[in-house]
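*Asks:* turn this into a structure:
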Amino acid sequence: MSLKEIAGRAAVLQALYEEIGEQLKAAKADQAAGLKAAREETGATRIEASLPNGTVVAKVALVSPGAAAVVVDEVAFLEWVRDNRPDQIKREFVTSVRETFVKALLKELTAAGVPQWVDQETGVVHEVPGVRMQPRASYTRMTWEKSGPDAVAEAWRAGELAALVLPELTVGGAS
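*Replies:* Purely as a prediction, here's the structure:
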């Protein structure tokens, strides 16, 4: 393949990649909205993903994670860390808490389900100021059937998916 052909191929693949990325975002948003509506109407939180020929290739589930700990008041949180874990303070032009500590602490508080931290050395339970539990957005998770990816590839090669996946790129597709 010549350099000109390689460049042309790369340009085509980039255009397709960008279009597919946008279409995937839209499809996932529609999927999440549909599953949220189904949950409200019928309580259903799962659906099978099928090819046009009816072959089930995956299962999609609506995941509703529990609340997560988030810092909502930086000043109060910084003061608490300064008083209780001064080793986690980094001094620069601005005093701040080490990101690794924030991430680890928020993960611990999220797992506990409350914005309280237990000092392992003293056993003292601290209410962590500036942190609260906030609901997290639902999202969808797809789990492939064992033969799902192969079935999708086969259907793609057979030309069965073009109108389903990117109708605006097919002959006579959406305009």
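
*Asks:* shouldn't Arg132 be in contact with Ala68?
*Replies:* No: taking contacts as C-beta atoms under 8 Å, Arg132 lies outside contact range of Ala68: 9.9 Å. From N, CA and C alone the C-beta is placed, and that goes for glycine too.

*Asks:* next up, phi/psi of Ser147, please.
*Replies:* With angles defined as degrees, to the nearest 10, Ser147 sits at phi -100, psi 10.

*Asks:* check it and give its pLDDT.
*Replies:* On the pLDDT scale, Ser147 is placed at 90.

*Asks:* beta partners for the most centrally placed residue in the chain?
*Replies:* For the chain, the residue nearest the mean C-alpha position is Tyr139 (6.8 Å; C-alpha atoms, centre = their mean). Per DSSP bridges, the residues bridged to Tyr139 are Val63.

*Asks:* what sits against Gly34?
*Replies:* Listed by C-beta atoms under 8 Å, 6 or more residues apart in numbering, the contact partners of Gly34 are Ile47.

*Asks:* relative to Val165, how far out is Glu99?
*Replies:* 40 Å (C-beta to C-beta, to the nearest Å).

*Asks:* can you list phi and psi of the nearest residue to Ser138 once chain neighbours are set aside for me?
*Replies:* Of all residues not flanking Ser138 in the chain, Ser64 sits nearest, at 4.5 Å (C-beta to C-beta, 6 or more residues apart in numbering). Phi and psi for Ser64, reported as degrees, to the nearest 10, are phi -120, psi 90.
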